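> Got a sequence here, can you build the structure:
(one chain, ligands or ions: 2)
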Amino acid sequence: MPAFRTPPLRPFAIDFDPDRLTLSPEGPTLTRRMSDLEGLFRDHDAWRTAAEGDDPVVYTVSSSPVPEIERELPQSITTILPGTTGGELWMTKGHQHPDHQGEIYYALQGAGGLLMFDGDEHAWLDMTPGTIGYIPPGWAHRSVNTGDDAYAFLAVYPGGAGHDYGWVLEHGMGRRAFRAEGGFELRPYGE
Ligand code: PAN
Ligand code: ZN
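Ligands and ions are numbered 1, 2, ... in the order given. Here you go, the predicted model:
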């Protein structure tokens, strides 16, 4: 374990285990269950039934020890489990970076999508292992598992970026992704 100073850190290597999808050394891991995703799925009744039932884990976010502070460049691995709620594919909460900072995603495993919304226009990137998704400044972003297995990706973002989840509750994400014959389909946010 490297000796950390604040800021900046000393140089150090992070081992990535592609089978276990872990980082070593590791920082905090966040677990998002269905009950943490209130107000996000279109079918609120289906969400409530699942949240009040077995309240499944929808995704985890495992970070390296790099702290979320100005000038540092933290990274984390998000793993979204396969599933649907009211037909809508399991996804991350989605957020906007308050100071409109950019971000890089790198798909590691499974099949997913990177949905972005600038408050006006939406964009969708298919994400399969090897795809680098670029999130420009000012685009809120949400990840969706479009496959039948876990979808995992690496995120690298400015330490001072902050995460505004209220923005998505207020503005939506432009589109929603639903399971459909032979794959998935995007529908307007309100439908
Ligand atoms: C990612 C996300 C992660 C979880 O590391 O934070 O995928 O998604 P939510 O934060 O929307 O729950 C990232 O975009 N960081 O900036
Ligand atoms: Zn982000």
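> Pull up the distance across stretch 28-38, start to finish.
Start-to-end span of stretch 28-38 (CA to CA, to the nearest Å) is 23 Å.
> who in this structure is up against ligand 1?
61, 76, 78, 92-95, 103, 141, 143, 155, 157, 163 (CB under 6 Å from any ligand atom). All C-beta atoms are positioned from the backbone trio N, CA, C, and that covers glycine.
> repeat that with 5 Å
Counting by CB under 5 Å from any ligand atom, the residues of the chain close to ligand 1 are 61, 76, 78, 92, 93, 94, 95, 155, 157.
> now, which of those residues lie within strands?
Using DSSP state E, the members of these that fall in strands are 61, 76, 78, 155.
> Could I get the residues you listed in CSV, plus columns for distance to residue 11?
Below are those laid out as CSV (distance: CB to CB, whole Å):
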residue, distance to residue 11
61, 24
76, 19
78, 25
155, 21
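> got JSON lines for those residues, with neighbour count, distance to residue 87 and pLDDT too?
What follows is these, written out as JSON lines (neighbours: other CB atoms under 10 Å; distance: CB to CB, whole Å; pLDDT from 0 to 100):
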{"residue": "61", "neighbour count": "16", "distance to residue 87": "25", "pLDDT": "98"}
{"residue": "76", "neighbour count": "21", "distance to residue 87": "28", "pLDDT": "97"}
{"residue": "78", "neighbour count": "22", "distance to residue 87": "22", "pLDDT": "98"}
{"residue": "155", "neighbour count": "19", "distance to residue 87": "27", "pLDDT": "98"}
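> I'd say residue 24 and residue 13 touch.
No: Residue 24 sits out of contact with residue 13 when judged by CB atoms under 8 Å, with a separation of 9.5 Å.
> mind saving the C-alpha coords of the longest helix seen in the chain as PDB?
If each helix of the chain is counted by residues according to DSSP state H, the longest one is helix 44-52. Output of helix 44-52 as PDB, limited to C-alpha atoms (Å, rounded to 0.1, in the frame of the first residue of the first chain):
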ATOM      1  CA  HIS A  44     -42.700   3.500 -10.300                       C
ATOM      2  CA  ASP A  45     -44.900   0.700  -9.100                       C
ATOM      3  CA  ALA A  46     -42.600  -1.900 -10.500                       C
ATOM      4  CA  TRP A  47     -39.700  -0.100  -8.900                       C
ATOM      5  CA  ARG A  48     -41.500   0.000  -5.500                       C
ATOM      6  CA  THR A  49     -42.400  -3.700  -5.600                       C
ATOM      7  CA  ALA A  50     -38.700  -4.600  -6.300                       C
ATOM      8  CA  ALA A  51     -37.400  -2.200  -3.700                       C
ATOM      9  CA  GLU A  52     -39.800  -3.400  -1.000                       C
END
